[in-house]
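K.L.:
using only what follows, build the 3D model:
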Amino acid sequence: FFRQTFFQDVTIARSEDWPKGHRLHSTNLEPFDDSNSVKVTVETMDSGDWTLRVKTHKNVHEDLFYVKVLSVIATFLISCVVSMNLMERKLNKKLLYKIMPPDAIKKLHRGQTVVEKYNIVSIFFSDIVGFTSMCGEMRPLQVMKMLNELYNQFDKLVEKHGVYKVETIGDAYMVVGGAPNRLPAPEAAERVALFALEAMDFVKNFRTTDGDKVIIRAGIASGPAVAGVVGTSMPRYCFFGDTVNLASRMESNSLKL
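P.N.:
Residues are numbered from 1 along each chain as shown. Reported below is the predicted structural model:
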């Protein structure tokens, strides 16, 4: 860039062919003087001292202005792209941590099998009484809307009591205490019990936006369990063991509300 700007019209000759005091000049530049140039003395081995004058081309400032503008625009665009990528990664990470525990995600990223054993956990199961008949009377969109309204409130109670929502299967809602964050057995059971009691109290006064009333049954069981991720397609963090089956039987054999 600078070679084209400053020296495009300069003719180079051997030093011995130049008369003493001859100045190298370009037809594109104004005359050099003390007001517009800097004088530098350079010592050479065979031709004595050379006095060089250097000045800025009158168009360079304009060229550099456009370069600066383009640099600022390019920097802004790159910053926006990087910021959007970082924000998207943060949102994806946050969503992934809601689906699966962080420790399980790290193991999956390392290609490891996720299997964790818990000596004592407390598991809560609930389902909606008469859900099958309700589905026969309601449109599918109404059923989904009803479940979404109900379980959004349950999700808030999950956050409040510090328990872990395992999954929803149709109208069944499953919560565990003492896993994946390990807690003393009494504390885990207390958290699940308080969650269950508040969920029951909420359902007693709950009405959907369409005015439908919902009645649930619930059951709790405490004991050993194993948690892990099975398969690679749509992986889920699931719990296995007799404690899970017992909690489900406690729910299915309980009285409504």
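K.L.:
at the geometric centre of the protein, which residue do we find?
P.N.:
Of all residues in the chain, the one closest to the mean position by Cα atoms, centre = their mean is Lys90, 1.7 Å from it.
K.L.:
ramachandran coordinates for that residue?
P.N.:
Phi and psi for Lys90, reported as degrees, to the nearest 10, are phi -70, psi -40.
K.L.:
same check, this time on Leu95
P.N.:
Per-residue torsions, Leu95: phi -70, psi -40 (degrees, to the nearest 10).
K.L.:
how about the one 5 residues further on?
P.N.:
As for Met100, its main-chain torsions (degrees, to the nearest 10) stand at phi -150, psi 150.
K.L.:
immediately after the lowest-mean-pLDDT helix or strand in the chain, which helix or strand?
P.N.:
Taking mean pLDDT, DSSP states H and E as the measure, the helices and strands of the chain show their lowest mean at helix 2-7, namely a mean of 42. Next in sequence after helix 2-7, counting helices and strands by DSSP states H and E, comes strand 38-43.
K.L.:
what pLDDT, on average, does that following strand get?
P.N.:
Per-residue confidence for strand 38-43 averages out to 78 on the pLDDT scale.
K.L.:
output the contacting helices and strands for that strand.
P.N.:
Using 3 or more Cβ pairs under 8 Å, 6 or more residues apart in numbering; DSSP states H and E as the contact criterion, the elements in contact with strand 38-43 are strand 49-54. No exception for glycine: its C-beta is placed from N, CA and C like everyone else's.
K.L.:
so which bits of the strand it packs on are buried?
P.N.:
Neighbour-count burial for strand 49-54, counted by 16 or more other Cβ atoms under 10 Å, picks out Arg53.
K.L.:
that strand pairs with which strands, and in what direction?
P.N.:
Based on DSSP bridges, the strands next to strand 49-54 in the sheet, each with its direction, are strand 38-43 (antiparallel).
K.L.:
in this protein, which spans are strands?
P.N.:
For the chain, applying DSSP state E gives strands covering 38-43, 49-54, 115-128, 164-169, 172-177, 216-229, 237-240.
K.L.:
got the buried residues for the third one?
P.N.:
When burial is assessed from 16+ other Cβ under 10 Å, strand 115-128 yields the following buried residues: Glu116, Tyr118, Ile120, Val121, Ser122, Ile123, Phe124, Phe125, Ser126, Asp127, Ile128.
K.L.:
hang on, isn't the fourth one packed against Ala221?
P.N.:
No - here Val121 does not reach Ala221: they are 9.3 Å apart, not a contact under Cβ atoms under 8 Å.
K.L.:
pLDDT below threshold where in the stretch 151-257 of the chain?
P.N.:
By pLDDT under 70, the stretch 151-257 of the chain contains no weakly predicted segment.
K.L.:
kindly report the same for the stretch 1-150 of the chain.
P.N.:
Segments of the stretch 1-150 of the chain classed as low confidence (criterion: pLDDT under 70) are 1-32, 45-47, 55-64.
K.L.:
the same query, at a cut-off of 80, please.
P.N.:
Residue ranges of the stretch 1-150 of the chain with pLDDT under 80: 1-40, 42-67, 92-98.
K.L.:
what's around Asn148, how many residues?
P.N.:
When neighbours are defined as other Cβ atoms under 10 Å, Asn148 has 10 of them.
K.L.:
do Lys94 as well
P.N.:
Neighbour count of Lys94, defined by other Cβ under 10 Å: 9.
K.L.:
now it: how far from Gly178?
P.N.:
24 Å (Cβ to Cβ, to the nearest Å).
K.L.:
pull the most distant pair out of the buried residues of strand 115-128.
P.N.:
In those, the most distant members under the criterion Cβ to Cβ are Glu116 and Ile128, with 30.3 Å between them.
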